[in-house]
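*Asks:* One predicted model, sequence on top.
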Amino acid sequence: MFEGEVLGKIISRPTPLARKDVALMSSLDEQNHIPDVLPLIPLRDLILFPNLVVPLFVGRERSINALEEAMRNEHLVALVTQKAAETQDPGPGDIYEIGCVVTVLQELKLPDGTAKALVEGKQRIRIVEFLQTDPYLKVRVELVDEEEHADLEAEALMRNLITDFEQASQLGKPIPQEVLGAAAAIDEPGRLADFVTFHLSLKVDEKQEILEAVDPKVRLRKTTEYLRKELEILELGSRIQNRVKESMSKTQREYFLREQLKAIQQELGVYDETQAEIEEYREKIRLSGMPEDVEEKALKELSRLEKMPQAAAETGVIRTYLDWLSGLPWQIEDEEKLNLIEAQTILDEDHYGLEKVKERVLEYLAVHKLTDHMRGPILCFVGPPGVGKTSIGRSIARALNRKFIRMSLGGVRDEAEIRGHRRTYVGALPGRIIQSVNQAGTKNPVFMMDEIDKVGMDFRGDPTSALLEVLDPEQNNAFQDHYLEAPFDLSDVMFITTANLLDPIPPALRDRMEVIHFPGYTEDEKLHIARKYLVPKQLKEHGLSTGKLDIQDSALHEIIRRYTREAGVRNLERTIATICRQVARKVVEGKKGKTSVTVRTIRKYLGPPKFSFGLAEKRDEVGVSTGLVWTEVGGDVIFIEATTMKGKGALTLTGQLGDVMRESAQAAVSYTRANAAALGIDPEFNEKLDVHIHVPAAAIPKDGPSAGITMATAMVSVLTGRRVRRDIAMTGEITLRGRILPIGGLKEKLLAAHRAGIKTVLIPAENEHDVDLVPEHVRTEMQIVPVSTMDQVLSRALI
Ligand code: ADP
């Protein structure tokens, strides 16, 4: 680096081109003209030597005045260095004695008041006396006599100096080639010493020392000495560098390379986006709390990303991966607070009835509290839609102070939906489990998996096995997602599953779960729920208040009976919402006062009733019997039709019947044939007639053996021509000998019968004890008759 950056007001930059011709320009003639009084410019940290041309920046006021003074005369000015660069206005004591007189070759005034000058060193001078300090420094000087005689010793010193100078350049000192050339061409010893010194990285006082050495040989020796010192430093530097390179460990090397890469990227102007992003990822990974091995993996991916060209398509894939890894709640959890009394209050607050369910849930929570972990079986809520399964799940989360998330398993057929796709797939993502946990943002949410009875299975693999792993407390502390390729701990998650029916759940899954049945609601219960929960909730959601809308009990009753037919309250809630919407619109349109919806005005909002309530108006008919079924939407009343036509004993079954139901129809036919005589039927009917049994509604799939006695009744009715009483509903499985076997879902079926206004229900005698589950008023309003043989059924049902 060239010396001579002068800070402050006087700045001078020596030109690297101290051209030989310029350097050799001075002549004795000119020296003779140098006057002994000169203006003085103090230099901050530059030493100027004779025969060199350098540009000079002049900023201090006194210096500018001195320069102007010089320009008015012979363009001569004395340049002497000040002892301390930081002195702003140096006085006589602050300036060295020996300096250089220069000719100002050119002067350029700059707009900011400073000036730039090109000066050429003439000769050494000594300050004899300071004549004035203002407006500029003026000094009396005497010329320092320099004798230039080149004897042999001087010659040898000069050659040495030039060789060393060249060597310094080879060792890495940045000396331009033309400077080396110029040095070699100088044949005066003193001038060579000056020239080389000017280009060395010496301190100001060292250079001043050389300036002050008048004897050329002394000067050459001193310069050689400094140059040697510099050479030694250069050599040492290169030796250290070599050694450092060897001993640099891998990480240091990586760091070094990364820094270099950073520098290159900065140069290219791409640093900001990419490097900052990498650092951001590094920080995110560090803060995410992921386990060590996962962190290692993430950092590995990060370094891949770092090395990749930004345009590479794969960077997006890696980024998404890193986003997932670093965004997961590895350590974040809600602090659980569990107070059973409070939990009970919350469950009661949010739900009407459901006593048994609440009890079971509280027991479960109590065990959880005692054992302090989630090792128990998984809860499984089974029941028709709209009976409050989700809603209870939410309340559990609230009672535990945890997040609540839901995920539907309906239609999931592929293991990858649960576990994710491997990253080699285009557009791969984690499976739904990890996505849901990510969405929850904590590692201990209450996680509800809906419709576990609807999990499918096909050639893409069986999701059940993945679910087994998720739900198994022994295994789910290291759940493997194909996309993450790292185990995630699900053991703090509280899983709850829901299903409409228990039977379709794969047995392996069912074994791990503690089933809680949600029966349907009775009319009364629905009315309570509507009044206490659904109406206030819908009013709030529609921005209404009780002052604006009042749905009277009679209207709610009507909705329950004639506008909905369901085990739960989902449609009821929807219908209430329909009314609220219409009223909200009227309010916005300017209607004042309160709208009251009564049984009389309800048609205005909902149109004609959708269902008929009660069967009173229906006539008793031949070949139509009233049965009770249990589908996934709860219990229901159906009318089974049987008819005969000429034929050869073929049996036709329609109405989307499952295998079990078909077999039970076969059993009914066989029973009828076997007992034809006793029943008063032509024993040969089977040779002359075909039988068709139809179970409406045809669109809903039905299965199970419980319609056995109903189908047999319809068939006997059509074959004997006796009518069946419409108001008697029945349920029960039939054996070939006409015995009646117990069935499931009795409670739901009785509720459905009650909803439909049935007066008498025939149930299998073995189910008698289930009747206690049915609310009292349902029991008293209907006659429930246990039967154990087909004879009992027929004698009651046929007229
Ligand atoms: P599911 O999950 O069983 O299909 P939801 O929990 O979604 O049913 O219930 C549907 C609606 O009915 C929700 O708004 C819920 O709050 C309400 N609901 C159901 N049962 C009750 C109940 N016992 N008390 C109060 N609201 C209920």
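*Replies:* That came through, no problem. Given the structure is predicted, the values throughout are model-derived calculations rather than measurements.

*Asks:* Get me the contact residues on the chain for the ligand.
*Replies:* 351-354, 385-391, 529, 533, 568-570, 573 (C-beta under 6 Å from any ligand atom). Bear in mind the C-beta positions are built from the backbone N, C-alpha and C, glycine included.

*Asks:* Just the ones in helices from those residues, please.
*Replies:* K389, T390, S391, I529, R570, E573 (DSSP state H).

*Asks:* Just the buried residues from the residues you listed, in PyMOL please.
*Replies:* Buried residues within these, by 16 or more other C-beta atoms under 10 Å, are selected in PyMOL with:
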select buried, resi 389+390+529+570+573
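
*Asks:* Turn the ones in helices among the residues of the chain next to the ligand into CSV, columns for pLDDT.
*Replies:* Listed next are these as CSV, based on pLDDT from 0 to 100:
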residue, pLDDT
K389, 93
T390, 93
S391, 93
I529, 93
R570, 92
E573, 94
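
*Asks:* any chance of the ones in helices among the residues of the chain next to the ligand in CSV, plus distance to G655?
*Replies:* Shown next, in CSV, are these (distance: C-beta to C-beta, whole Å):
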residue, distance to G655
K389, 29
T390, 31
S391, 33
I529, 32
R570, 25
E573, 30
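
*Asks:* so which of the ones in helices among the residues of the chain next to the ligand would you say is closest to I734?
*Replies:* Among these, K389 lies closest to I734 (C-beta to C-beta), at 33.2 Å.

*Asks:* Could you tell me which residues make contact with the closest one?
*Replies:* K389 sits next to F381, G383, T498, F518 when contact means C-beta atoms under 8 Å, 6 or more residues apart in numbering.

*Asks:* where does stretch 467-486 sit relative to the chain's centre, distance-wise?
*Replies:* 20 Å (C-alpha atoms, centre = their mean, to the nearest Å).

*Asks:* wait, I meant stretch 435-450
*Replies:* 14 Å.

*Asks:* contacting residues around the closest residue to P92 other than its chain neighbours?
*Replies:* The shortest distance from P92 to any residue other than its chain neighbours is 4.3 Å, reached at F130 (C-beta to C-beta, 6 or more residues apart in numbering). Counting by C-beta under 8 Å, 6+ apart, F130 touches G91, P92, L137, K138, V139.

*Asks:* quick one: which of these is most hemmed in?
*Replies:* For the contacts of F130, neighbours were counted using other C-beta atoms under 10 Å, and L137 has the most, 27 neighbours in all.

*Asks:* Is the residue nearest to that one when sequence neighbours are not counted part of a helix or strand, or is it coil?
*Replies:* Spatial nearest neighbour of L137, chain neighbours left out: L40 (4.0 Å); criterion: C-beta to C-beta, 6+ apart. At L40 the chain is in strand, as set by DSSP: H, G, I helix; E, B strand; the rest coil.

*Asks:* wait, doesn't L40 sit right on R140?
*Replies:* No - judged on C-beta atoms under 8 Å, L40 makes no contact with R140 at a distance of 10.2 Å.

*Asks:* any shared contact partners between those two?
*Replies:* Common neighbours of L40 and R140, using C-beta under 8 Å, 6+ apart, are I127.

*Asks:* Compare neighbour counts for the two and give me the winner.
*Replies:* L40 (29 against 15).

*Asks:* Show me what that one is bridged to.
*Replies:* A78, L137 (DSSP bridges).

*Asks:* residue contacts, it?
*Replies:* A66, V77, A78, L79, V80, I95, G99, I127, Y136, L137, K138, V139 are the contacts of L40 under C-beta under 8 Å, 6+ apart.

*Asks:* any idea which of those has the most stuff around it?
*Replies:* Tallying neighbours with other C-beta under 10 Å puts G99 at the head of these, with 29 neighbours.

*Asks:* where does it land on pLDDT?
*Replies:* You'll see G99 listed with a pLDDT of 93.

*Asks:* Pop out the phi and psi values for the nearest residue to it once chain neighbours are set aside.
*Replies:* Spatial nearest neighbour of G99, chain neighbours left out: V80 (2.9 Å); criterion: C-beta to C-beta, 6+ apart. Note on V80: its backbone torsions stand at phi -130, psi 140 [degrees, to the nearest 10].

*Asks:* Equivalent analysis for L653, please.
*Replies:* Note on L653: its backbone torsions stand at phi -120, psi 130 [degrees, to the nearest 10].

*Asks:* Just give the number of residues close to it.
*Replies:* Applying other C-beta under 10 Å, we find 17 residues neighbouring L653.

*Asks:* Surely the residue nearest to P92 is in a strand?
*Replies:* Yes - checked against three-state DSSP, F130 lies within a strand.

*Asks:* Would you mind measuring from it to the ligand?
*Replies:* 100 Å (C-beta to the nearest ligand atom, to the nearest Å).

*Asks:* Pull the number of nearby residues for M308.
*Replies:* Number of residues near M308 (other C-beta under 10 Å) recorded here: 14.

*Asks:* Right, and the ligand sits closest to which residue of this structure?
*Replies:* With C-beta to the nearest ligand atom as the measure, G388 is the residue of the chain nearest to the ligand, at 2.7 Å.

*Asks:* Check whether that residue really touches E573, as I assumed.
*Replies:* No - between G388 and E573 there is no contact under C-beta under 8 Å: 11.0 Å.

*Asks:* Would you mind listing the residues touching both of these two?
*Replies:* By C-beta under 8 Å, 6+ apart, no residue touches both G388 and E573.

*Asks:* distance of A678 from F685?
*Replies:* From A678 across to F685, the span is 14 Å (C-beta to C-beta, to the nearest Å).

*Asks:* In terms of neighbours, single out the busier of these two.
*Replies:* Ranked by neighbour count (other C-beta under 10 Å), A678 and F685 place F685 first, with 15 against 9.

*Asks:* residues touching the closest residue to the more buried one other than its chain neighbours, list them.
*Replies:* Leaving out its chain neighbours, the residue that sits closest to F685 by C-beta to C-beta, 6+ apart is L719, at 6.0 Å. Shown in contact with L719 (C-beta under 8 Å, 6+ apart): T644, T672, A676, L679, I681, D682, F685.

*Asks:* and what of S596?
*Replies:* L549, D550, Q552.

*Asks:* Provide a list of residue ranges in the stretch 551-700 of the chain with pLDDT below threshold.
*Replies:* Low-confidence segments of the stretch 551-700 of the chain, defined by pLDDT under 70: 612-618, 632-633, 697-700.

*Asks:* quick one, strands of it?
*Replies:* For the stretch 551-700 of the chain, applying DSSP state E, counting those that start in this stretch gives strands covering 595-597, 621-622, 624-631, 634-646, 651-654, 689-694.

*Asks:* Pull the residues that contact the shortest one.
*Replies:* Applying C-beta under 8 Å, 6+ apart, the external contacts of strand 621-622 come out as S717, V718, G721, R722, R723, V724, R726.

*Asks:* Let's see that with 10 Å instead.
*Replies:* 639, 641-643, 714, 717-726, 798-799 (C-beta atoms under 10 Å, 6 or more residues apart in numbering).

*Asks:* ok so, going back, so which of the contacts of L719 is the most crowded?
*Replies:* Neighbour max across the contacts of L719 (other C-beta under 10 Å) = T672, 25 neighbours.

*Asks:* what's the spacing between the closest residue to that residue other than its chain neighbours and V669?
*Replies:* With sequence-adjacent residues excluded and distances taken as C-beta to C-beta, 6+ apart, T672 is closest to M715, at 5.4 Å. M715 sits 7 Å away from V669, going by C-beta to C-beta.

*Asks:* These two: which is more packed in?
*Replies:* Neighbours of M715 and V669, each counted by other C-beta under 10 Å, are more numerous for M715; the result is 27 against 19.
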